[in-house]
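K.L.:
Got a sequence here, can you model it:
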Amino acid sequence: MPASFNVDDFRANFPSIPRLTYLNSGSYGLLANGVRDALTGYMDGRIENGADWAGWVGELEDVRAKMARLLGTDADEIAITGSASSGLNALASAFDFRSERNRIVVSNFEFPTSAQIWHAQERAGGEVVHVAEGSEGRIPLEHFEQAIDERTAIVAISQVCYRHGGRISDDDIRAIAKMAHQHGALLVLDSYQIVGTEVIRPRDLDVDVCIGGMLKYLLGTAGIGFMYVRGSLISQLIPRATGWFAQADLDAMDIFASVPSETARRFEGGTPPVPSCIASSAGLSLILDTGLDAIAEQVRRVTRSALDALSEAGIPFNNPNEDAQRGPLISIPSLDDVGMVDSLASKGIVTSCRDGKIRAGFHAYNDEGDVARFVSALKDHRDMLGTAPEMAAARF
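P.N.:
Predicted structure coming up:
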């Protein structure tokens, strides 16, 4: 781990610690002092000045620049959206699914909203083909080979599955990108469940679009997302979903034409989410100032410790054991997942559940004490734990 990182110093940024053992970053990241101060400053400014449009647009561009720095891209390749969903909807509106190239290949790792957006394109002529999981929370590459063909327009994958924490490795992402590009399709990567916990470089992964949001591991808030679009593709994609902040000239106020920006801003919409921009800018600053390498190493270390402790306690987990095949999320099968979440919460341990599994989402503010308290509480409720199922047998 980089010598500059001190977990206790990082934890000191979050006033909920140590009162809470917070393992729910896969749903909503903890509120940092800097983010709270930024929101308070926004409210104070509203009372003092009423409106500050120049300042607010500056905040929007600040978030764009920070996301570009985080992803290693140009700012012109970043759209700041109201959510990951709004970015995907704008992207989908740039395609004509009435053509022969109307196939959308969707992995079964997808968050419901993502898959639902692509299925909504069926009304416009799209054909959705699903790529099933194999065993142990993985999707074999051959499943993608069987699904992608000359009719494929889009291949949509999630880097980490929100249900169980299984991951598509960087090498596999590059392999899927190669398959998509060989058939003339675009690869869309959903990085929501991992961005902020390790270095992600869309260009290095050879993806065409990368989406995510600020409220989880990026330590921001709700109501804001981002979308990277490969610079060479932007001019080819003209979304029908638009708004005044998507226009080439924000000040034109033209009601007689729509002239989209030459940058990824064309995928934005109306008035930007100002409070969310201000809060998320502070969260991004904390991530960038700490350093993604340091954060990634801490997350790997603490999740590795948790998996080892679970194995030693004889508690099964669903996500793959290998670091390259999992993200920051650990899932444990439960006979009563809702009841288990409630029982853990009564002890100050905050988790979530999906699909009959307890989800523990780790961030760099988690430490060995969090692991020990979590595993001890699970041992106290063994009667509520399940066994690891054959994931290939389930339909998702």
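K.L.:
who are the neighbours in contact with Val375?
P.N.:
When contacts are counted by C-beta atoms under 8 Å, 6 or more residues apart in numbering, Val375 touches 306, 309-310, 313, 315. C-betas here are computed from N, CA, C, even on glycine.
K.L.:
what do you get for Lys357?
P.N.:
163-164, 318, 331-334, 337.
K.L.:
Let's see which of those end up in helices.
P.N.:
Using DSSP state H, the members of these that fall within helices are Asp337.
K.L.:
Write a PyMOL command that selects only the buried members of the contacts of Lys357.
P.N.:
In PyMOL, this line selects whichever of the contacts of Lys357 come out buried by 16 or more other C-beta atoms under 10 Å:
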select buried, resi 163+164+318+331+332+333+334+337
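K.L.:
could you dump the contacts of Lys357 to a markdown table with distance to Ala364 and pLDDT?
P.N.:
Below are the contacts of Lys357 laid out as a markdown table (distance: C-beta to C-beta, whole Å; pLDDT from 0 to 100):
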| residue | distance to Ala364 | pLDDT |
| --- | --- | --- |
| Arg163 | 23 | 92 |
| His164 | 22 | 90 |
| Asn318 | 23 | 88 |
| Ser331 | 20 | 95 |
| Ile332 | 22 | 96 |
| Pro333 | 27 | 95 |
| Ser334 | 26 | 95 |
| Asp337 | 26 | 95 |
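K.L.:
Dump the contacts of Lys357 into JSON lines; add distance to Gly369 as well.
P.N.:
Listed next are these as JSON lines, based on distance: C-beta to C-beta, whole Å:
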{"residue": "Arg163", "distance to Gly369": "27"}
{"residue": "His164", "distance to Gly369": "25"}
{"residue": "Asn318", "distance to Gly369": "24"}
{"residue": "Ser331", "distance to Gly369": "21"}
{"residue": "Ile332", "distance to Gly369": "19"}
{"residue": "Pro333", "distance to Gly369": "25"}
{"residue": "Ser334", "distance to Gly369": "23"}
{"residue": "Asp337", "distance to Gly369": "24"}
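K.L.:
any idea which of the contacts of Lys357 is closest to Arg265?
P.N.:
Taking C-beta to C-beta as the measure, Arg265 lies nearest Arg163 of the contacts of Lys357, at 33.1 Å.
K.L.:
I'd guessed Lys178 sits against Asp206; true?
P.N.:
Yes. The criterion here is C-beta atoms under 8 Å, and Lys178 meets it with Asp206 at 7.3 Å.
K.L.:
Which one of those two is surrounded by more residues?
P.N.:
Ranked by neighbour count (other C-beta atoms under 10 Å), Lys178 and Asp206 place Asp206 first, with 18 against 12.
K.L.:
show me the contacts for that one.
P.N.:
Contacts for Asp206 were tallied using C-beta under 8 Å, 6+ apart; they are 173-174, 177-178, 181, 187.
K.L.:
What subset of those residues is buried?
P.N.:
173, 177, 187.
K.L.:
Return the member of the contacts of Lys357 nearest to Gln236.
P.N.:
Arg163 (33.7 Å).
K.L.:
if we can go back for a sec, among the buried ones among the contacts of Asp206, which are located in helices?
P.N.:
Within these, residues falling in helices by DSSP H are 173, 177.
K.L.:
quick revisit: select only the buried ones of the contacts of Val375 in PyMOL?
P.N.:
A single PyMOL command selects the buried members of the contacts of Val375 (16+ other C-beta under 10 Å):
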select buried, resi 306+309+310+315
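K.L.:
ok, back up a step: nearest to Asp289 among the contacts of Lys357?
P.N.:
Ser331 (30.8 Å).
K.L.:
Ile287 and Asp342, how far apart?
P.N.:
31 Å (C-beta to C-beta, to the nearest Å).
K.L.:
Who has more neighbours out of these two?
P.N.:
Ile287 (22 against 12).
K.L.:
By residue count, what's the longest strand in the protein?
P.N.:
strand 152-158 (DSSP state E).
K.L.:
elements contacting that strand?
P.N.:
Counting contacts by 3 or more C-beta pairs under 8 Å, 6 or more residues apart in numbering; DSSP states H and E, strand 152-158 packs against strand 103-107, helix 112-120, helix 170-182, strand 186-190.
K.L.:
How far does stretch 283-297 stretch from one end to the other?
P.N.:
19 Å (C-alpha to C-alpha, to the nearest Å).
K.L.:
shouldn't Gly213 be in contact with Ile224?
P.N.:
Yes. Applying C-beta under 8 Å as the test, Gly213 and Ile224 come out as touching, 6.8 Å apart.
K.L.:
shouldn't Arg326 be in contact with Gly165?
P.N.:
Yes. Counting by C-beta under 8 Å, Gly165 is a contact partner of Arg326 at 5.3 Å.
K.L.:
which neighbours do the two share?
P.N.:
137, 319.
K.L.:
Assign a three-state SS to the residue in the chain sticking out farthest from the centre, would you?
P.N.:
The centre of the chain is farthest from one residue, Phe256, which by C-alpha atoms, centre = their mean lies 37.0 Å away. Three-state call for Phe256 (DSSP: H, G, I helix; E, B strand; the rest coil): coil.
K.L.:
Roughly how far does it sit from Gly269?
P.N.:
For Phe256 relative to Gly269 (C-beta to C-beta), the value is 19 Å.
K.L.:
Also Glu150?
P.N.:
Applying C-beta to C-beta to Glu150 and Gly269 gives a distance of 33 Å.
K.L.:
Next: Gly45.
P.N.:
For Gly45 relative to Gly269 (C-beta to C-beta), the value is 24 Å.
K.L.:
what about the two, which has more around it?
P.N.:
Gly269 (19 against 15).
K.L.:
Quickly find the element holding the nearest residue to Ser4 once chain neighbours are set aside.
P.N.:
Of all residues not flanking Ser4 in the chain, Ala294 sits nearest, at 6.5 Å (C-beta to C-beta, 6 or more residues apart in numbering). Element membership for Ala294 (DSSP states H and E) is helix 292-313.
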